[in-house]
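S.K.: quick check, what structure comes out for this input:
(chains A and B, ligands or ions: 2)
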Amino acid sequence: MSPIVALRPEQPADPVSVVQPKIAIRHLSVDYPSPDGLPVRVLQDVSLDVAPGEFVAVVGPSGCGKSTLLRVLSGLLDPASGTAAIDGRGVADASDRIGFMFQRDTLLPWASVEDNILIGAELGPRRVDRARLGELIAFLKLKGFEKHRPHELSGGMRQRVSLGRLLAYEPEIFLMDEPFGALDSQTKAAMGRELLRIWSAHQRAVLFVTHDIEEAVTLADRVIVLSARPGRIRLDVQVDLDRPRDPKTLRRDPRFLSLVERVWGALDLQADL
Amino acid sequence: MSAIIQSGQAGIGLAGLVGRRVRLGLIRDRILLFAVLVGGWEVLSHTVVDPLWISRPSLIAERLVALAASGELWRNTQRTLLEAVLGLALAFAVGVPLGIAMARYKYGHAVAEPFIMALHSLPRVALAPLFIIWFGIDLFSKVMMAFSTVLFIFMLNVHEGLKTIDRDLLDLLRTMRAPRLYVTRKVLLPWIVPWLIASLKIGVGLALIGAVVGELIGSSAGLGWYIEKSAGRLDTTGVFAGLVLLMGIAVAGNLVVARIERRFSSWRPS
Ligand SMILES: Nc1ncnc2c1ncn2[C@@H]1O[C@H](COP(=O)(O)OP(=O)(O)OP(=O)(O)O)[C@@H](O)[C@H]1O
Ligand SMILES: [Mg+2]
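M.R.: Ligands and ions are numbered 1, 2, ... in the order given. A predicted model of the protein is given here:
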């Protein structure tokens, strides 16, 4: 990290935290090549710390670089400048299991629901036995579809299979790109509850991209709002609502409403630009 | 056609009955068409055209029986079949790894591409004389003929299949730190199965062409050799008997491929 500071002395000093952050993103900028040869800047000078066990939601207009941010953190994409580190080491050398749930479902088209979920177990820390696989499938409301192939499932079902594979992998860091985007609100709430349960039991850092502001405020400790491309951090707000949170009563909680309002405001701001 | 057959198998009640009836009707009409064609041929050879040119179905049948009795039928059929199958298998064994290498080593492929395409466009038939000089007049030169006709089919198809592979699938496994062997086993190989089947479909016919062309140019056994020998004596019945047997091999090969295809058709690239 020090070379970056040396490179950009005009930047204000990074916030000093007592605990070492799980994820440390410093002055991260990302370019994509464009057809005319000039690189297109997608993320601009993003700095963000995620503490161990912190649940951070990321919202922002379509195309602002949310998925790109997760790709950098998973080591799939190199930044143009700046650094991304996990436990103080570059993402490529991170020892933690990173569970990345892509925005698009990425299931093996020829494999059954079961076999797709088992991929996570085979690459994860421990084998999944029949009983646990059954539990997982029941929880995902996929009972009776164990032998089905992805093309025989609905979009929401495929998303749940991806979630099953992610959970079977038992990640130590969750990078989730609109994981519940294709689900009805009831299933969405159920999946959110389960995610929170796993998260609070194991204290895992979560980076959760969503377009649903209420979902972001309901689930997260912190909500980050990115600006339109090139994405910069426009708002970084702490969600100080007590846990466990009950979505039903939360809806009437004035603190919840004012937080939703603030996030909306930060998003709206850029609509005018 | 396959849709009709499938609905006949899958349907219940009335739909199933209709499907079955359609299927039986189809078989009946095909037999009818066959009878009309062969009958027409027979009549033609008795009336308008001298059987010296077109032989005659009854004569061909007689010849086939005689060939079967003398053991010559099996000897020649087996020979051609063996050449084609060995050539096909060899092309698979060499072509698939080459196709994978082409996809893997992009720069190497870019360097070699014009030469690959030049070889691919060369009419392989013209290689037969050379192959007979190199590999002799027996089995091996024909195997190499079949091999050289089919090789590129496997190579280019596997390469094409791997080029279209879903990058996100590979990326996902990369984030999960899957070992290379695991990725190959779980993604690469299943992904190219449809391309392999497509190659096999074309390859069966091409391997037969390669083997027979080799036999026509120079050989001591096989259906191509038998056809060539018969034609040399203006024995059209012998020529047609050879052609019937070749057709039999081709049809059997297609049936085998269709079986393989049905077994693996669970997945298709969209
Ligand atoms: N592989 C790529 N090559 C070139 N440009 C890309 C590539 N991937 C993304 N981009 C561009 O980068 C920008 C950010 O993309 P990204 O997928 O991160 O957006 P996002 O915030 O996730 O949007 P959404 O909410 O729609 O998913 C987009 O404008 C897109 O055009
Ligand atoms: Mg996205």
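S.K.: in chain A, which spans are helices?
M.R.: With DSSP state H as the criterion, chain A has helices at A:2-7, A:66-73, A:113-123, A:130-139, A:155-169, A:185-202, A:213-219, A:247-250, A:254-272.
S.K.: for B:Thr149, which of those helices is the nearest?
M.R.: Counting by CB to CB, B:Thr149 lies closest to helix A:113-123 out of those; the figure is 37.7 Å. Any C-beta I mention is one placed from the backbone N, CA and C, and that applies to glycine too.
S.K.: any buried residues in that closest one, and which?
M.R.: The neighbour-count check on helix A:113-123 (16 or more other CB atoms under 10 Å in any protein chain shown) flags A:Val113, A:Glu114, A:Asp115, A:Asn116, A:Ile117, A:Leu118, A:Ile119, A:Gly120, A:Ala121, A:Leu123 as buried.
S.K.: widest-spaced pair of those?
M.R.: Pairwise distances among the buried residues of helix A:113-123 were taken by CB to CB; the largest, 17.3 Å, belongs to A:Val113 and A:Leu123.
S.K.: for the residue in the stretch 101-250 of chain A positioned nearest to chain B, which non-adjacent residue is closest in space?
M.R.: For the stretch 101-250 of chain A and chain B, the shortest gap (CB to the nearest CB) falls at A:Trp110, measuring 3.5 Å. Leaving aside its sequence neighbours, A:Trp110 sits nearest to B:Trp267 (CB to CB, 6 or more residues apart in numbering or on different chains; 3.5 Å).
S.K.: what about that neighbour, how many neighbours?
M.R.: As a burial measure, B:Trp267 scores 17 neighbours (other CB atoms under 10 Å in any protein chain shown).
S.K.: pretty sure it sits against A:Pro150.
M.R.: No. Counting by CB atoms under 8 Å, B:Trp267 sits too far from A:Pro150 to count as a contact (9.7 Å).
S.K.: mutual contacts of these two, please.
M.R.: Jointly contacting B:Trp267 and A:Pro150 under the rule CB atoms under 8 Å, 6 or more residues apart in numbering or on different chains are A:Pro109.
S.K.: got any ranges where chain A has weak pLDDT?
M.R.: Where chain A drops to pLDDT under 70, the residues are A:1-18, A:270-273.
S.K.: which bits of it sit near ligand 1?
M.R.: Contacts of chain A with ligand 1, taken as CB under 6 Å from any ligand atom, map to A:Tyr32, A:Val42, A:Gly60, A:Ser62, A:Gly63, A:Cys64, A:Gly65, A:Lys66, A:Ser67, A:Thr68, A:Gln103, A:Arg229.
S.K.: let's see which of those residues end up in strands.
M.R.: Among the residues of chain A next to ligand 1, the members found in strands (DSSP state E) are A:Tyr32, A:Val42.
S.K.: list only buried entries from the residues of chain A next to ligand 1.
M.R.: Burial by neighbour count, 16+ other CB under 10 Å: within the residues of chain A next to ligand 1 this picks out A:Val42, A:Gly60, A:Cys64, A:Gly65, A:Lys66, A:Ser67, A:Thr68, A:Gln103, A:Arg229.
S.K.: tell me the contacts of the nearest residue to the second one once chain neighbours are set aside?
M.R.: Just to be clear, that refers to A:Gly60. Closest residue to A:Gly60 apart from its sequence neighbours, by CB to CB, 6+ apart: A:Leu226 at 3.2 Å. When contacts are counted by CB under 8 Å, 6+ apart, A:Leu226 touches A:Val46, A:Val58, A:Val59, A:Gly60, A:Pro61, A:Cys64, A:Gly65, A:Lys66, A:Arg232, A:Ile233, A:Arg234.
S.K.: what two of those are the furthest from one another?
M.R.: Pairwise over the contacts of A:Leu226, using CB to CB, the maximum falls at A:Val46 and A:Pro61, 15.1 Å.
S.K.: so what's the residue nearest the centre of chain B up against?
M.R.: Central residue of chain B (CA atoms, centre = their mean): B:Val204, 1.3 Å from the mean position. Contacts for B:Val204 (CB under 8 Å, 6+ apart) come out as B:Ala84, B:Leu88, B:Ala250, B:Gly253, B:Asn254, B:Val256, B:Val257.
S.K.: around the residue nearest to B:Phe154 when sequence neighbours are not counted, how many other residues sit close by?
M.R.: Excluding the flanking residues, the one nearest B:Phe154 by CB to CB, 6+ apart is B:Gly95, at 2.8 Å. Around B:Gly95 sit 25 other residues, with neighbours defined as other CB under 10 Å.
S.K.: for B:Gly95, helix, strand, or coil?
M.R.: Secondary structure for B:Gly95, judged by DSSP: H, G, I helix; E, B strand; the rest coil, is helix.
S.K.: give me the neighbour count for the closest residue to ligand 2 within the stretch 101-250 of chain B.
M.R.: For the stretch 101-250 of chain B, the residue closest to ligand 2 is B:Asp168, as judged by CB to the ion, at 12.3 Å. Here the number of neighbours of B:Asp168 (other CB under 10 Å) works out to 14.
S.K.: who are the contact partners of it?
M.R.: When contacts are counted by CB under 8 Å, 6+ apart, B:Asp168 is found next to A:Phe102, A:Arg104, A:Thr106.
S.K.: tell me which element it falls in.
M.R.: Following DSSP states H and E, one finds B:Asp168 within helix B:167-175.
S.K.: and A:Ala24, how far from chain B?
M.R.: For A:Ala24, the distance to chain B (CB to the nearest CB, to the nearest Å) stands at 19 Å.
S.K.: tell me how far that residue lies from ligand 1.
M.R.: Separation of A:Ala24 from ligand 1 (CB to the nearest ligand atom, to the nearest Å): 20 Å.
S.K.: ditto for B:Trp225
M.R.: Counting by CB to the nearest ligand atom - B:Trp225 and ligand 1 are separated by 58 Å.
S.K.: settle this for me: that residue is touching B:Val213, isn't it.
M.R.: No. Using CB under 8 Å as the test, B:Trp225 is too far from B:Val213 to be in contact (11.5 Å).
S.K.: what residues go with each domain of the chain?
M.R.: Assuming you mean chain A. Annotated domains of chain A cover A:21-96+A:174-273, A:99-171 [automatic domain parsing].
S.K.: let's do chain B instead
M.R.: Per the record, chain B has its domains at B:12-49, B:55-264, by automatic domain parsing.
S.K.: what helix or strand is the residue nearest to B:Ala211 when sequence neighbours are not counted on?
M.R.: Spatial nearest neighbour of B:Ala211, chain neighbours left out: B:Glu83 (3.9 Å); criterion: CB to CB, 6+ apart. Using DSSP H and E, B:Glu83 sits within helix B:72-104.
S.K.: for B:Lys142, give me its contacts.
M.R.: Going by CB under 8 Å, 6+ apart, B:Lys142 touches B:Glu83, B:Gly87, B:Gly210, B:Ala211, B:Gly214, B:Glu215, B:Ser219, B:Gly222.
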